[in-house]
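**Q** Need coordinates for the below:
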Amino acid sequence: MVSPSIASATDRAPVTWRSVLRLTAMVLALLFLIVPHLCYRAAGRPSPMVMAFLNAAGWIAGLRIRTTGKRLKRNVLFAANHLSWLDILALGGAARSAFVSRADIETVPLVGWLADQNNTVYVEREARRDIHNQANSLRGALKRGQPVTLFPEGTTGPGDGLLPFRASLFAAVTPPPPGVRVQPVFLDYGEDATDISWQDPESGLDNFKRLIARKRPIWLTIHYLDPLPYEATHDRKAISEAARRAIAATQAVADRPSARHAHRL
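**A** The predicted structure follows:
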């Protein structure tokens, strides 16, 4: 069920001077970084411009990031809760992560091209016959060393709790490739979580317009939790349950009023 604030927001989704300025700044950041990015690509080298753009776009959108815990920098699959397109900017910028995404994203003008630049792994979740090739694509991405993020809820959640994790999404890392760890990540938007979450019937465009029109910054704490022990990665259900349990436990602590008060100091 959609909250009244989300439902009413879909009717407004205003275009304001603030959202126009922010969108213009994002476009200018892209134009400024695209030439050096293409030069890196032409030379066959990883481009730091992707991370720079995601960081810049997040900052322009009002995202302010804090982190806790120790982030694995290479050979890691992040399993994170999912609330918004802001999650992509946050983990792509702060953790230099690529992402596992629905295949239809690849066909969206500009968005698909931007996703390609960050080595996005596309999966067709309904194409069971192609699951072997999809698993190979994800394993190949992990072997390149760049962190990859998977959102095991399979969609954006409401912000006040976790949706069930889809164990089938972990098929490619059962077991993980040699040297690859699975690290749960809790994306904590605090009191803003339910407001920024993207849910039906709000469209992606309306959610984007609504968030970049906000006056207040959006504070996000990225909690990098302990990597799953190897004994919890023997099958996809075990990985799914262990990752969800770790994120839920951290969310429960973070949601306590005393924890919120201490965190704001």
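
**Q** Please enumerate the helices of the stretch 101-250 of the chain.
**A** Here the stretch 101-250 of the chain has its helices, by DSSP state H, counting those that start in this stretch, at 111-117, 131-143, 193-196, 204-212, 236-254.

**Q** right, so of these, which gets closest to Ser19?
**A** If you check each of these against Ser19 by Cβ to Cβ, helix 204-212 wins as the nearest, at 4.5 Å. For the C-beta atoms, the positions are set from N, CA and C on the backbone; glycine is no exception.

**Q** Check which helices and strands the closest one is in contact with.
**A** Secondary-structure packing of helix 204-212 (3 or more Cβ pairs under 8 Å, 6 or more residues apart in numbering; DSSP states H and E): helix 4-12, helix 17-42.

**Q** hey, least reliable of the helices of the stretch 101-250 of the chain by pLDDT?
**A** Of all the helices of the stretch 101-250 of the chain, the minimum mean pLDDT falls on helix 131-143 (a mean of 72).

**Q** Confidence-wise, which of the helices and strands packed on helix 204-212 is weakest overall?
**A** Looking at those, the bottom one is helix 4-12 with a mean of 46.

**Q** Mean neighbour count, the helices of the stretch 101-250 of the chain: which tops it?
**A** Mean neighbour count (mean count of other Cβ atoms under 10 Å) peaks for helix 193-196 among these, with a mean of 20.

**Q** Can I get that helix in CSV? Just the C-alpha atoms.
**A** C-alpha atoms of helix 193-196 as CSV (Å, rounded to 0.1, in the frame of the first residue of the first chain):
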residue,chain,number,x,y,z
ALA,A,193,13.5,7.0,4.0
THR,A,194,9.7,6.8,3.4
ASP,A,195,9.6,10.1,1.7
ILE,A,196,12.4,9.5,-0.8
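
**Q** okay, the helices and strands packed on helix 204-212 in CSV with distance to Leu89 next?
**A** Converted to CSV, those look like this (distance: least, Cβ to Cβ, whole Å):
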stretch, distance to Leu89
helix 4-12, 20
helix 17-42, 10
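
**Q** related to what we said a few turns ago, could I get the helices of the stretch 101-250 of the chain in a markdown table, plus columns for distance to Trp17?
**A** Listed next are the helices of the stretch 101-250 of the chain as a markdown table, based on distance: least, Cβ to Cβ, whole Å:
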| stretch | distance to Trp17 |
| --- | --- |
| helix 111-117 | 24 |
| helix 131-143 | 40 |
| helix 193-196 | 21 |
| helix 204-212 | 11 |
| helix 236-254 | 34 |
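
**Q** quick one: which of the ones you listed is nearest Leu30?
**A** The minimum distance between Leu30 and the helices of the stretch 101-250 of the chain falls on helix 111-117, with 8.2 Å, by Cβ to Cβ.

**Q** tell me which strands and helices that closest one is in contact with?
**A** Partner elements for helix 111-117 (3+ Cβ pairs under 8 Å, 6+ apart): none found.

**Q** What are the contacting residues of it?
**A** Here helix 111-117 makes contact (Cβ atoms under 8 Å, 6 or more residues apart in numbering) with His37, Arg41, Ser47, Val50, Phe99, Ser101, Ile105, Glu106.
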